[in-house]
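Asks: Got a predicted structure plus its sequence, pasted below:
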Amino acid sequence: MLRALRRHGPATRAELAKHTGLAKATVGVIVADLEAKGAVAEEDARSGARGRPGRPVGLRGDRFVALGLELNVDYVSAVVVDLAGDVLHSEVRPAPTGAALLDLARDVVRRHTGPERPTVGATLAVPALVRGDDRTVAWAPNLAVEGAGLADALGRLLPGVRVQVSNDANCAAYAESHHGAARGAAHALYLTGTVGIGAGIVQDGEVMRGGAGFAGEVGHMPVGDSSAPCGCGRRGCWEASIGLHAMLAAVGMPELDTPLRTAESVAARARTDAGVRAGLERVGRDVGLGIAMLSSVLDPEVVVMGGYFAPLGDLVLEPARRTLDERLASEVQVRPDLRPSTLGIRAAALGAAEQSFDAVFAGDAELPG
């Protein structure tokens, strides 16, 4: 019922019966229970098909919330989302440590949750491979993080709340498909644009995780400069040619406190500096090479460029599009639409918050209270 209301918006009991396949009497019982919990509320009546008024039921946004967090190489972030899908709070701090993450989480929980607004779940997004238990970091080449320590620490901060850990690209892809640039696309690919490069693959609104849950680790494909050293210890990885540090080396500019501020500074310089534009052209070509490879395998309808790629826009995307046209083997292959992210640096934390509701929307967990 909750999933139908989130997907279709406010609906009468008759409409909910059609959406869910449940009998109208059963719908009435469930609605009454959800009203008692404070999850839904009746809205103003509207005319029915035969002139009889129907009273729609809608999700209440003032009762239950979920917390999304991100720990990345350059920053930590947090997003609080309510049951109706509205963002109540979003915050980024340029302090990439576990201690800074816990401080941020503690502040956000204190200010935005409580007995009258309980937390349904919390999810931490990290640029890492995460095991199938959704708690254990298996490999994080750009972060000194391993195991279930962060999940355990967040669990102590949020007693009784289900805490998960997820890959940052998967979380951001989920957010973009439900709130951002990939909304309405049946098949989308999201690329992070931070120090590391990862991908999230979304099919019909759901993240595709692969056999072990590790799908999307594209940053370490052997694409681009074969001599470029990568944070994983090898050479020639894609992120060593198109990651944030590689982009800054190409344009000869310093890193600022977050990837977005850094990219905004580069974009501003590119307006008057031909050398910066030439460096971004080279990066764009390497971006296009990797997307051509991924397009041949995954056939995405849309590719959303996140992180630092968004402020640079066509400075990188135009050479990427040209390279994509050159490298796809057949004219029959559909060229994916390359789009900049519309959610910015909060995409992963927003997707993490939304995924914290998954167990409730799937019927695997009850709302608290």
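Replies: It's in.

Asks: quick check: mean pLDDT across stretch 124-136?
Replies: What stretch 124-136 shows for mean pLDDT is 95.

Asks: Check the offset of that stretch from the chain's centre.
Replies: Its chain's C-alpha centre and that of stretch 124-136 lie 14 Å apart, by Cα atoms, centre = their mean, to the nearest Å.

Asks: Equivalent analysis for stretch 116-128, please.
Replies: 13 Å.

Asks: Can you list the buried residues in it?
Replies: Of all the residues in stretch 116-128, those buried under the rule 16 or more other Cβ atoms under 10 Å are Arg117, Pro118, Thr119, Val120, Gly121, Ala122, Thr123, Leu124, Ala125, Val126, Pro127, Ala128. C-beta: built from backbone N, CA, C; applies to glycine.

Asks: So which of those residues are in strands?
Replies: Thr119, Val120, Gly121, Ala122, Thr123, Leu124, Ala125, Val126 (DSSP state E).

Asks: Pretty sure the second one sits against Phe64.
Replies: Yes. Counting by Cβ atoms under 8 Å, Phe64 is a contact partner of Val120 at 5.2 Å.

Asks: got any residues that touch both of these two?
Replies: Residues touching both Val120 and Phe64 (Cβ atoms under 8 Å, 6 or more residues apart in numbering): Leu83, Leu367, Pro368.

Asks: Next up, the contacts around the residue nearest to the last one when sequence neighbours are not counted.
Replies: It refers to Pro368. Nearest residue to Pro368, sequence neighbours excluded (Cβ to Cβ, 6 or more residues apart in numbering): Pro118, at 4.5 Å. Contact analysis of Pro118 by Cβ under 8 Å, 6+ apart lists Arg63, Phe64, Val65, Pro368, Gly369.

Asks: want to throw those into CSV with secondary structure and neighbour count?
Replies: Shown next, in CSV, are these (DSSP: H, G, I helix; E, B strand; the rest coil; neighbours: other Cβ atoms under 10 Å):
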residue, secondary structure, neighbour count
Arg63, coil, 21
Phe64, coil, 26
Val65, strand, 26
Pro368, coil, 14
Gly369, coil, 12
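
Asks: Pick the one among the residues you listed closest to Val31.
Replies: Arg63 (14.9 Å; Cβ to Cβ).

Asks: Does the closest one touch Ala39 like I think?
Replies: Yes. Counting by Cβ under 8 Å, Arg63 does reach Ala39; the two are 6.2 Å apart.

Asks: okay, and the common contacts of these two?
Replies: Leu83.

Asks: Show me what the helix or strand containing Glu354 is packed against.
Replies: Using DSSP states H and E, Glu354 sits in helix 347-355. Counting contacts by 3 or more Cβ pairs under 8 Å, 6 or more residues apart in numbering; DSSP states H and E, helix 347-355 packs against strand 65-71, strand 76-82, strand 87-93, strand 119-126, strand 162-167, helix 168-179.

Asks: Of all the ones you listed, which one is nearest Gly344?
Replies: Of the helices and strands packed on helix 347-355, the one closest to Gly344 (Cβ to Cβ) turns out to be strand 87-93, at 9.1 Å.

Asks: And the helices in the stretch 201-350 of the chain?
Replies: Ranges of helices within the stretch 201-350 of the chain are 239-242, 244-251, 259-270, 274-298, 309-312, 314-327, 347-355, based on DSSP state H, counting those that start in this stretch.

Asks: out of these, nearest to Pro10?
Replies: Nearest of the helices of the stretch 201-350 of the chain to Pro10, taken as Cβ to Cβ: helix 347-355 at 19.4 Å.

Asks: now that closest one against strand 162-167, angle please.
Replies: Compare the direction of helix 347-355 with that of strand 162-167 by axes from the mean of the first three to the mean of the last three Cα atoms, to 10 degrees and you get 140 degrees.

Asks: before we move on, back to that, can you lay out the shared contacts of Val120 and Phe64 as TSV showing pLDDT and distance to Leu71?
Replies: As requested, those are exported to TSV (pLDDT from 0 to 100; distance: Cβ to Cβ, whole Å):
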residue	pLDDT	distance to Leu71
Leu83	95	25
Leu367	89	28
Pro368	85	26
